[in-house]
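Here is my input, please return the structure:
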Amino acid sequence: MNLAEIVSQFESGEAGTDAYVELRAQCLPLVEKDSANAAAYFLIANFSRSYVMLYEEEAVTVEVARKAKTAMLDYLHRIVAAQGGNAEVRLAAINAIAADYLHSDKIF
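Residues are numbered from 1 along each chain as shown. Down below sits the predicted model:
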């Protein structure tokens with residue numbers, strides 16, 4: 001499974017913690033399979049882990065779940081778009097995501 005397929009699956013699924021568990025489980029093997037994009041997969045896997053750790057034992061409002069899913073999909077789409085580029089393009093995408101996250105509500 002490649003990242004575009006993973007994104008499609010995540011996008012069409014529910015916004016609960018199970019989706020993030022699955023997203024993490026799908027991204028981690030890609031760290032080893034696709035070393036050129038390993039940092040991006042690792043970043044997404046850890047965002048997913050953080051979401052699960054924050055929300056697995058508490059009720060999440062629909063608004064929070066949607067906001068988190070929207071943010072994650074934004075990051076995922078940016079990574080997919082950058083994968084066709086050279087190393088500079090891929091690194092710039094990851095750096096932009098890290099900067100955006102730093103200034104975000106840190107929902108995950």
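
Tell me, how many residues neighbour M72?
Neighbourhood size, M72 [other CB atoms under 10 Å]: 23. C-betas here are computed from N, CA, C, even on glycine.

Would you confirm that it contacts E11?
No: shown here, M72 and E11 do not form a contact pair, counting by CB atoms under 8 Å, at 9.5 Å.

Now do the same for whichever strand or helix holds M53: mean pLDDT, whole number.
Take DSSP states H and E as the rule and M53 turns out to sit in helix 38-55. Throughout helix 38-55, pLDDT has a mean value of 97.

Centre of the chain to that helix, how far?
Distance of helix 38-55 from the chain centroid (CA atoms, centre = their mean, to the nearest Å) equals 6 Å.

Then stretch 82-100?
Remark: stretch 82-100 is offset 14 Å from the chain centroid, using CA atoms, centre = their mean.

May I have that stretch exported as CSV, CA atoms only?
The C-alpha coordinates for stretch 82-100 follow below in CSV (Å, rounded to 0.1, in the frame of the first residue of the first chain):
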residue,chain,number,x,y,z
ALA,A,82,5.7,16.5,-2.4
GLN,A,83,6.6,12.9,-3.0
GLY,A,84,6.9,13.5,-6.8
GLY,A,85,9.6,16.1,-6.1
ASN,A,86,13.2,16.0,-5.4
ALA,A,87,14.7,15.8,-1.9
GLU,A,88,14.5,19.6,-1.5
VAL,A,89,10.8,19.6,-2.2
ARG,A,90,10.1,16.8,0.1
LEU,A,91,12.1,18.4,2.9
ALA,A,92,10.4,21.7,2.4
ALA,A,93,7.0,20.1,2.8
ILE,A,94,8.0,18.4,6.0
ASN,A,95,9.5,21.6,7.4
ALA,A,96,6.3,23.5,6.5
ILE,A,97,4.2,20.9,8.2
ALA,A,98,6.4,21.1,11.3
ALA,A,99,6.2,24.9,11.4
ASP,A,100,2.4,24.8,10.9
